[in-house]
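**Student:** Provided below for reference: sequence and predicted model.
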Amino acid sequence: MPQSLSGKTVLITGAARGIGAETARSLARRGARVSLIGLEPAELASVAAELGDRHAWFTADVTDSESLEKAVAGTVEHFGGIDVVIANAGVAPFGTVLGTDPDSFLHTIDVNLNGVFRTVRAALPHVVDRRGYVLVVSSLSAFAPTAGMSAYTASKSGCEAFASALQGELAHLGVDVGSAHPSWIDTDLVREVSADLPSFREMRAALPWPMHSLTTVDKCAEAFAAGVERRARRIYVPRSVMLMHWMRNLPASRPVARLMRTVQRRLVPQMEAEVRALGRSFSRRNQDLHEKSRG
């Protein structure tokens, strides 16, 4: 049964834009008080100002435990505690294992998986105090690995496994844990990758339903917020992603491999060439943030 979020404090990482910012808006409409965490102070301040003075923002890098702990401490000082933590911050690099910059692969794991651990670990004592809820943002990719997305798939599969194990660890404390599994969401990130890599657009279009579905960011945020109200174990966006969860061995099966082989033989080398020509492994904005976090 859904529980009221009125007056509850929700901490969200990756909240400056995209799914994180839109989820904050949806939660605020439900009465929650939101702590926006991210790397872009101007964007965070803008979202917080839009939401109103019941909300707050803090700059933190999920690859830096100290900055996250300060943001959590600031949240607790401002609101008095934390009821819900949403580990949403994530990046998606370009390219294959053979062609990728190793630093980009490792950075993806550090943000998408280690960053989830750092976020949850920093907030968890406060969430336990309130018998609250943890939402780990995984992906459809955890069920349906796709060529050219090995780092992203590995990190999001790890997020799903982490959330499942954490659920078992915290159930006796009255804390629920969920994982969210969005498919392609119409965010800046997806649009930027599509603009940078024609092969990415074609590869996504060639994927069988529901693996190629595109959902608006507001519908994704509404699904996340409704899942938080239910303290859901799984959130699928769109709902058809549930099919891929229960048929998760299908993408690696021989029939699907044969179906995709012709497309992959042509598009994987094309993708590698496009990434080499770009001279970077992330969208331009994420590349800038990555270089900023390295100092």
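**Tutor:** That came through, no problem. Keep in mind the model is a prediction, meaning the values are calculated, not measured.
**Student:** The stretch 101-250 of the chain: helices as residue ranges?
**Tutor:** Listed in chain order, the helices of the stretch 101-250 of the chain (DSSP state H, counting those that start in this stretch) span 102-109, 115-129, 150-170, 188-196, 198-206, 217-230, 241-246.
**Student:** Among the ones you listed, which comes closest to Arg25?
**Tutor:** Across these, the minimum distance to Arg25, taken as C-beta to C-beta, is reached by helix 217-230, at 6.7 Å. C-betas here are computed from N, CA, C, even on glycine.
**Student:** From the contact counts, what lies against the closest one?
**Tutor:** If contacts are counted by 3 or more C-beta pairs under 8 Å, 6 or more residues apart in numbering; DSSP states H and E, helix 217-230 sits against helix 18-29, strand 84-87, strand 133-137, strand 176-182, strand 234-237.
**Student:** what comes into contact with that helix?
**Tutor:** Outside helix 217-230, the residues that touch it by C-beta atoms under 8 Å, 6 or more residues apart in numbering are 1-5, 10, 18-19, 22-23, 25-27, 29-30, 84, 86, 133, 135, 178, 180, 182, 185-187, 232, 235-238.
**Student:** where does the stretch 51-200 of the chain have low pLDDT?
**Tutor:** Regions of the stretch 51-200 of the chain meeting the criterion pLDDT under 70 cover residues 193-194, 197, 199-200.
**Student:** For Ser67, which of the helices of the stretch 101-250 of the chain is the nearest?
**Tutor:** Closest of the helices of the stretch 101-250 of the chain to Ser67 is helix 115-129, at 9.5 Å (criterion: C-beta to C-beta).
**Student:** how far does the closest one sit from the chain's center?
**Tutor:** With C-alpha atoms, centre = their mean, to the nearest Å as the basis, helix 115-129 stands 16 Å off its chain's centre.
**Student:** helices or strands next to that helix in the packing?
**Tutor:** So helix 115-129, by 3+ C-beta pairs under 8 Å, 6+ apart, packs with strand 9-13, helix 65-79, strand 84-87, strand 133-137, helix 150-170.
**Student:** got the angle between it and helix 65-79?
**Tutor:** Going by axes from the mean of the first three to the mean of the last three C-alpha atoms, to 10 degrees, helix 115-129 is angled at 30 degrees with respect to helix 65-79.
**Student:** and helix 115-129, C-alpha only, in CSV?
**Tutor:** Output in CSV follows, covering the C-alpha atoms of helix 115-129 (Å, rounded to 0.1, in the frame of the first residue of the first chain):
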residue,chain,number,x,y,z
GLY,A,115,29.3,5.6,-6.2
VAL,A,116,26.1,3.7,-5.3
PHE,A,117,27.8,2.0,-2.4
ARG,A,118,29.3,5.3,-1.2
THR,A,119,26.0,7.0,-1.4
VAL,A,120,24.1,4.3,0.4
ARG,A,121,26.7,3.7,3.0
ALA,A,122,26.9,7.4,3.9
ALA,A,123,23.1,7.8,4.2
LEU,A,124,22.3,4.4,5.6
PRO,A,125,22.5,5.0,9.4
HIS,A,126,20.0,7.8,9.0
VAL,A,127,17.7,5.8,6.8
VAL,A,128,17.9,2.9,9.4
ASP,A,129,16.9,5.4,12.2
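**Student:** hang on, the earlier thing: now the helices and strands packed on helix 115-129 as a markdown table including distance to Phe224?
**Tutor:** Formatted as a markdown table, those follow (distance: least, C-beta to C-beta, whole Å):
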| stretch | distance to Phe224 |
| --- | --- |
| strand 9-13 | 9 |
| helix 65-79 | 19 |
| strand 84-87 | 7 |
| strand 133-137 | 7 |
| helix 150-170 | 14 |
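**Student:** As JSON lines, those with mean neighbour count would be great.
**Tutor:** As requested, those are exported to JSON lines (neighbours: other C-beta atoms under 10 Å):
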{"stretch": "strand 9-13", "mean neighbour count": "28"}
{"stretch": "helix 65-79", "mean neighbour count": "18"}
{"stretch": "strand 84-87", "mean neighbour count": "29"}
{"stretch": "strand 133-137", "mean neighbour count": "26"}
{"stretch": "helix 150-170", "mean neighbour count": "19"}
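**Student:** quick one, which of those is nearest to His126?
**Tutor:** Closest to His126 of the helices and strands packed on helix 115-129 is helix 65-79 (C-beta to C-beta; 5.7 Å).
**Student:** Could I get the contacting residues of Thr63?
**Tutor:** With contact taken as C-beta under 8 Å, 6+ apart, Thr63 is in contact with 107, 110-111, 114-115, 118, 293.
**Student:** can you rerun that using 6 Å?
**Tutor:** 110, 115 (C-beta atoms under 6 Å, 6 or more residues apart in numbering).
**Student:** for it, phi and psi?
**Tutor:** With angles defined as degrees, to the nearest 10, Thr63 sits at phi -90, psi 0.
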